[in-house]
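Chemist: got a sequence here, can you build the structure:
(chains A and B)
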Protein chains: 2
Amino acid sequence: MLKPFFEPSSVAVIGASRDPAKLGYAVLRNLVEGGYVQKGTVYPINPRADEILGLPAYGSVLDVPDPIDLAVLVIPYPYVPDALRICGQKGIPAAIVISAGFREAGMEGLERERDLMSIAKEFDIRLIGPNCLGVIDTFTPLNASFSAGTPPSGPMAFMSQSGALGTAILDWAQAGRLGLAKFVSLGNKADVSEIDLLDAWVDDPNTNVILMYSEGLPNGEEFIRAARDVTLKKPVVAIKSGVTQSGSRAVSSHTGSLAGSEQAYQAAFRQAGVIRAESMEELFDVALALGYQPLLQRDRIAIITNAGGPGILATDALERAGMSLARFELETKLALEEFLPGAASAANPVDVLGDARADRYQFALDKVAEDPNVDGLLVVLTPQAMTEIAQTARDIGELAKDIEKPVLTCFMGEAMIAEGIDILAGYGVPNYPFPERAARAFKSMSRYRQIKERPLSEYASFEVDKDAAQDLFDQVRSEGRLTIGDAEARAILEAYGLKTPDSRLAANPDEAVQIAAEIGFPVVLKIASPDILHKTDVGGVKVGLRNAEEVRDAFELMTYRAERYLPEARLWGCQVQEMAPPGGLEVLVGMNRDPQFGPLVTFGLGGIYVETLKDVTFRVTPFTVRDAENMLGEIRAHALLDGVRGQPPVDKDAIIDTLLRIGQLVSDFPEITELDINPLIAYPRGQGAIAIDMRLVLSK
Amino acid sequence: MLKPFFEPSSVAVIGASRDPAKLGYAVLRNLVEGGYVQKGTVYPINPRADEILGLPAYGSVLDVPDPIDLAVLVIPYPYVPDALRICGQKGIPAAIVISAGFREAGMEGLERERDLMSIAKEFDIRLIGPNCLGVIDTFTPLNASFSAGTPPSGPMAFMSQSGALGTAILDWAQAGRLGLAKFVSLGNKADVSEIDLLDAWVDDPNTNVILMYSEGLPNGEEFIRAARDVTLKKPVVAIKSGVTQSGSRAVSSHTGSLAGSEQAYQAAFRQAGVIRAESMEELFDVALALGYQPLLQRDRIAIITNAGGPGILATDALERAGMSLARFELETKLALEEFLPGAASAANPVDVLGDARADRYQFALDKVAEDPNVDGLLVVLTPQAMTEIAQTARDIGELAKDIEKPVLTCFMGEAMIAEGIDILAGYGVPNYPFPERAARAFKSMSRYRQIKERPLSEYASFEVDKDAAQDLFDQVRSEGRLTIGDAEARAILEAYGLKTPDSRLAANPDEAVQIAAEIGFPVVLKIASPDILHKTDVGGVKVGLRNAEEVRDAFELMTYRAERYLPEARLWGCQVQEMAPPGGLEVLVGMNRDPQFGPLVTFGLGGIYVETLKDVTFRVTPFTVRDAENMLGEIRAHALLDGVRGQPPVDKDAIIDTLLRIGQLVSDFPEITELDINPLIAYPRGQGAIAIDMRLVLSK
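Modeler: Below you'll find the predicted structure:
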């Protein structure tokens, strides 16, 4: 579908220039020097030239007698729309618009970009850019960008929203240790976005790992759906930048104060199986391991080193990264003991000693690689007097070629080991200058195995009374309100199949006493007013009222206080509520809406855990049953759910059920902007959960 | 004191060799090629040679007519002791023993090392090694090691316990961007240790930052004392390796299960003001910033970039590192707006745009550096078509020379920016390939400012009844016991000035009822037996007993159960204890003993916080009043101490007092191996704290 961008049979450069200082020259030069001219036809388009770089030039694409697959536009922005229209008339299916001056340049530019897209749609042209660096496919080979040179070929496909970062990435790649299959500078993403490229690259045989730098994903939900499928086949590693601006949003709920765009991305990437890199360095480190080495089948790593200290550093780093040190078969140990000198260590980490030449490394490598308890190898080398760096590198490379276990190296130093690293790179064995970075790469390999092998899980769907909820929302809106709590909230929860305590509105003390007697003492009394959101702050909640007198006293005190301190509040009376039975654990289920990803559902323990420790986790809707299950294990205090100090384990199924039903509710009603169930009381296993209090805000 | 190691007036190489494959050749070659021969006299000692590398050789140091300052021993280990004795006879004050075959080679080697040290002591010789790489001082210049080449001069002094890691470090340094003033390979640390080098380097004018790689600090307490003083003058950055083996230790207390050697190091480094690096990469990144750039006065950083994406990455990274983005003066903004093109950003991060040449960077740099709200500068550069990389680097270097604010750079890429980075390095401006690493460097600068400017704090000393505690310990031991709890523990706590609830032993139900009446209901009853450690596990604690009947029932039930389920336990009866008043917060104060650092005092909240969340912090004794104060703020749930949800703040002073008194107790009695006060109930401010329960274990 996006094939013309990567394997066009012919390319027109609109704005091709003879002036080496111009981008129109650089693009043409890259098409020529990058080798594309041997593969397809290049048409420089320039009305004031007969030929450029030895290629015959044309005044317009309409003058070209043959069909054109791809147009690259490198002309000042005022001329771009007309040029694109002519491309359409010529029947060109794909265009890269390098020119800037569109959305990134303010309101006028945005208007211009909209015009551009309407032309593209009219003529069915797919468009990359505008305001981008271009596109590279090293296998075609095609360099349709104004980059300074072409990166070496390799198994990584990179998409970048930032052109400038792209420049730096290409420079790193050209330094030799980072091979790219494809590079796309996405620019303003007027048409082709990350989602299109994921679809286009998932089955590309030259691409082992997909990398992305993104500053925002406007179609968040669609991105998750696309990436979920891709990550079952290929690793996707992403770096997301962008200062969180949650502080500037008006926030009135617990959930809202906890969830920023940072949390939405974290949840979305997790649900999509996208590995998130915290830094550019991590992105490359992880990409090298995933791109060049086979899948890590389990997490048992063997270390082979010629130095004790770095061996310890590597052990520490692997343990911290959650890897385990392989325990060798007795056979392996005995063979190592027999061959290695007495002072060497035949256990893991294997220390071949500082005076080891290549043969000692090779013997240890072979034995350790054969051991069925070893899933991956980390070879540590310090450049000592006897060390045969180049030969050791060759031996490692040959071994890595032959086995289905990943091999990473940590040759430490700089000038002395440079040749060794180049040899390793030739074999596709990534080298990390420090053991901590190799450990991080192993961790990402382990993470990707879990992603790839994750069981597919279902989206839940419950029979609910959607109409009841809709009617209530309509009624609340008709009264000019947007906030729903208490008894009204109860109706919605029940419509969506959640348990709530019995609760009824009393207009005066007598009614309150009568309702309390019907519900059964003890009861809870809450002030009922659409204008009082935080009832506890005004003393508007009393729990454990044991008899008629206490109910009457509480009713009168609350209404007196409300009238005195909030004279403008509408008072409906008091809500009389069944006391929740003791013995449950308070948890929080909430939702707020992220501008890019939509509903973001929160789970955490109640009270102090959410307020002070911010110990919560998130999912973007729709999320699967397994996602909901996983949420329970992701909070730091998750042990509390399993029962500590003799407490019984809580009814996790009831919490999972609540999360899924709330997910359905907020998906059904995009008009819900915030929602808090706080607390949901979860009782011991088999005894369910009760939503004690809920607050919900509708959009204006 | 260690001057002969770094600035000797003459050096003898015992074991100097003509064979280039031998270490004895490499050491001599480094003394010659490293430039020392122009400074002092070198005496090759080799009975079978007349001259080596152009220097006259001697059969023994005793044959050398002049005094010798430093001997380097590079001979097989069997000959080392005699050679050292002869050095002593010659009156040589300092020796570097490169030879291996000592403690690292098992029991026999350990014996040999002891012999060596007794000779050193007899002749008053200071000794570095054995089993090391040697010593380098680039200012003398002296290279008394078998390193492959000499590193460039610079402001860092490095001590390494691992020789192999030393090799890698020296190779990095020689690659050009890491200047070393001194390098010491510590080897087995038979005599000279990290502590000696800290003392030796603190006033060295050539050293700006001290770096250490350590695998263990046997004299932990002494190290803390030395480092505390050093870090007020110079930053010390350390990397500590070593797999935690806490899992293998027998642990019977809460505190014990929380505190491993990892926690002890963390506490010790914190108390000593040592900055801990998590990886070698971090060590070097941090060292560059601290070694070459001035102190960061406050944390307000300005970013100047020629690319939006990397600018955002840098902003994110700085915020995550706890730095703040500087807000410019209006004057600065107006000047930038006037000079920069319209599309540029004149706010922080300043975006000079992709087509910026050096002049635009320079203007922005000057304006931003002058702004009084800017404490440090981060210059981000991507290599774009118009970018004048070398000139921009020179301008940055010139600016950095002139101002008293740190300047770090993030030139991104590889080949295209290499020259720029070299130019920056020439000016002492560290470059980081990724913004996250520059941010981490700024963070360490901020951390060091806090360390350097930390107020000196006192060690507390309380009047206590040490004899009472000693008597009790003696008595317990005389009964063949090692564990102390309940009433006995109470006596110790009171001897050390802590409040405990009234509590008395009752031998039978009648006594219990009588004591309860005296104390006042409600009371707590606890089974009293030296053989029952975890009373709650056997139903041996009942709280809130309101009258005589409840006390009697509880007494009989507990003793019945104990007799039935633990027939072998000695039963003393039950402890009747005053109920602690309600309204307090349960915290934990504990101690266990670290093999290297001694008593490690723990603080955390009680219950779930310590058991499930492991939310605790540590100090090594002795610790200062300020240390104790800081502990309270270090736990994640520290907000609970200040009161949340309308709770009053707790009496922090009482907790601090308890921590200090317990610190004194465990310092006074090295025989205490473990101690738990769990819970200590802290009441609202001004109302003190009560130690409800305490358990203490004595050493065998």
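Chemist: next, the closest residue to chain B within the stretch 451-600 of chain A: secondary structure please.
Modeler: Residue of the stretch 451-600 of chain A nearest chain B, by CB to the nearest CB: residue A:536 (8.4 Å). The way it works is simple: take the backbone N, C-alpha and C, and place the C-beta from them, glycine included. Under the three-state scheme (DSSP: H, G, I helix; E, B strand; the rest coil), residue A:536 adopts helix.
Chemist: so what's the residue count around it?
Modeler: 11 (other CB atoms under 10 Å in any protein chain shown).
Chemist: again, but for residue A:602
Modeler: Each residue near residue A:602 was counted by other CB under 10 Å, and the total is 28.
Chemist: surely residue A:542 and residue A:554 touch.
Modeler: Yes - assessed by CB atoms under 8 Å, residue A:542 is found in contact with residue A:554 at 4.3 Å.
Chemist: the two: which is more packed in?
Modeler: Each of residue A:542 and residue A:554 has its neighbours counted (other CB under 10 Å); residue A:554 has more, 26 against 19.
Chemist: touching, the more buried one and residue A:541? I think so.
Modeler: No - using CB under 8 Å as the test, residue A:554 is too far from residue A:541 to be in contact (9.4 Å).
Chemist: for those two, list the residues in contact with both.
Modeler: residue A:525 (CB atoms under 8 Å, 6 or more residues apart in numbering or on different chains).
Chemist: in the stretch 551-700 of chain A, which spans are helices?
Modeler: All helices of the stretch 551-700 of chain A, identified by DSSP state H, counting those that start in this stretch, fall at A:608-611, A:625-634, A:652-668.
Chemist: want to throw those helices into CSV with mean neighbour count?
Modeler: Shown next, in CSV, are the helices of the stretch 551-700 of chain A (neighbours: other CB atoms under 10 Å in any protein chain shown):
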stretch, mean neighbour count
helix A:608-611, 21
helix A:625-634, 18
helix A:652-668, 22
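Chemist: how about those in TSV, adding mean pLDDT and distance to residue A:514?
Modeler: Shown next, in TSV, are the helices of the stretch 551-700 of chain A (pLDDT from 0 to 100; distance: least, CB to CB, whole Å):
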stretch	mean pLDDT	distance to residue A:514
helix A:608-611	72	36
helix A:625-634	94	41
helix A:652-668	95	32
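Chemist: what does the stretch 551-700 of chain A have sitting close to chain B?
Modeler: For the stretch 551-700 of chain A, the contact set with chain B under CB under 8 Å from any CB of the partner chain comprises A:607, A:608, A:611, A:612, A:613, A:636, A:637, A:639, A:640, A:644, A:645.
Chemist: quick check: closest non-adjacent residue to the fourth one.
Modeler: What sits nearest to residue A:612 in space, not counting adjacent residues and going by CB to CB, 6 or more residues apart in numbering or on different chains, is residue B:639, at 4.4 Å.
Chemist: check the one you found and give its pLDDT.
Modeler: pLDDT for residue B:639: 87.
Chemist: neighbours around it, how many?
Modeler: Residue neighbour count, defined by other CB under 10 Å, stands at 14 for residue B:639.
Chemist: so stretch A:430-439, near chain B or not?
Modeler: Yes - on the criterion CB under 8 Å from any CB, stretch A:430-439 is in touch with chain B at A:433, A:434, A:435, A:436, A:437.
Chemist: past the helix or strand residue A:491 falls within, which element shows up next along the chain?
Modeler: Residue A:491 is part of helix A:486-495 when elements are defined by DSSP states H and E. Sequence-wise, the next helix or strand downstream of helix A:486-495 (DSSP H and E) is strand A:503-506.
Chemist: who touches that following strand?
Modeler: With contacts defined as CB under 8 Å, 6+ apart, strand A:503-506 is touched by A:486-487, A:490, A:512, A:514-515, A:519, A:528, A:555, A:572-578.
Chemist: of these, grab the buried ones for ChimeraX.
Modeler: Per 16 or more other CB atoms under 10 Å in any protein chain shown, the buried members of the contacts of strand A:503-506 correspond to this ChimeraX selection:
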select /A:486,487,490,512,515,519,528,555,572,573,574,575,576,577,578
